[in-house]
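>>> Make a model of this:
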Amino acid sequence: MLFALASVIAAIVAVFWMFRLRIALTDSACRPGIYRMVNRRISRGDLVLACLPSALARFAQARGYLARGPGCGNGIEPVGKRIGALPGDTVQITRDFVAINGHRLENSATVLRDSRGRSLIHVTPGRYTVQPDHVWLSGTNDARSWDSRYFGPVPSGAVRAQLEPLVTW
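Numbers count the residues shown, from 1 in each chain. Below you'll find the predicted structure:
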């Protein structure tokens with residue numbers, strides 16, 4: 001019985017690996033579901049997997065925002081977020097909203113504390129231009145998403161793949 005269960009689990013893992021599938025269980029940037037990883041030129045609005053810089057990833061893991069997992073060199077899972085802004089785009093940050101090229105993002109007010117009541121560091125309010133080879137990550141499905149309004153832009157090379165939905169719930 002145990003062998004049969006282990007075989008089924010191994011087969012599921014193999015299918016997910018072979019077909020580049022990923023399960024998303026949070027709703028900060030997308031609906032929960034099964035997504036297929038694809039590689040193409042990134043565009044504003046794409047749902048992506050991105051590896052955060054090591055110090056930032058360790059902070060996120062210590063806070064419970066990210067878990068250990070495959071996909072990034074530091075052994076911490078990538079974040080799944082939307083590309084909010086690309087190089088040359090203007091990002092305006094206020095306490096009440098984030099706007100990209102003048103368009104306010106839904107659910108983008110900056111909060112001072114996370115869901116466990118811990119204080120959050122965030123990008124200083126102001127107007128910024130996204131620099132070459134960087135992107136702004138957004139998770140505006142959930143107002144409490146931990147995204148670029150807290151940690152700023154990330155290198156565009158950190159984007160590992162785009163995610164296309166197969167089944168969502």
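>>> Backbone dihedrals for the nearest residue to Asp147 once chain neighbours are set aside, please?
Closest residue in space to Asp147, ignoring its immediate chain neighbours: Gly139 at 4.4 Å, by Cβ to Cβ, 6 or more residues apart in numbering. All C-beta spots, glycine's among them, are computed from the backbone N, C-alpha and C. Backbone geometry at Gly139, expressed as degrees, to the nearest 10, gives phi -130, psi 60.
>>> Hmm, Gly139 is touching Ser28, no?
Yes: Gly139 is in contact with Ser28 according to Cβ atoms under 8 Å; the separation is 3.6 Å.
>>> Just the buried residues of the strand ranked longest in the chain, please?
The longest strand of the chain (DSSP state E) is strand 159-168. Neighbour-count burial for strand 159-168, counted by 16 or more other Cβ atoms under 10 Å, picks out Val159, Ala161, Gln162, Leu163.
>>> distance of the second one from Thr124?
Spelled out, that is Ala161. To Thr124, Ala161 is 31 Å away according to Cβ to Cβ, to the nearest Å.
>>> Let me see the ranges of the strands in this protein.
According to DSSP E, the strands that the chain contains are 21-24, 33-38, 47-50, 79-85, 90-93, 98-100, 103-104, 126-129, 134-138, 154-155, 159-168.
>>> Which residues does the fifth one contact?
So the one you mean is strand 90-93. Residues outside strand 90-93 that contact it (Cβ atoms under 8 Å, 6 or more residues apart in numbering): 84-85, 98-102, 110, 122-130, 136, 148-149.
>>> Give the burial count for the residue nearest to Asp147, as a bare number.
Applying other Cβ atoms under 10 Å, we find 26 other residues in the vicinity of Gly139.
>>> rewinding a little: which ChimeraX command selects the buried ones in the contacts of strand 90-93?
With 16+ other Cβ under 10 Å as the criterion, this ChimeraX line picks the buried residues out of the contacts of strand 90-93:
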select :84,85,98,99,100,110,122,123,128,130,136,148,149
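>>> top helix in the protein by residue count?
When the chain is parsed with DSSP state H, its longest helix is helix 2-18.
>>> packing partners for it?
Judged by 3 or more Cβ pairs under 8 Å, 6 or more residues apart in numbering; DSSP states H and E, helix 2-18 is in contact with strand 21-24.
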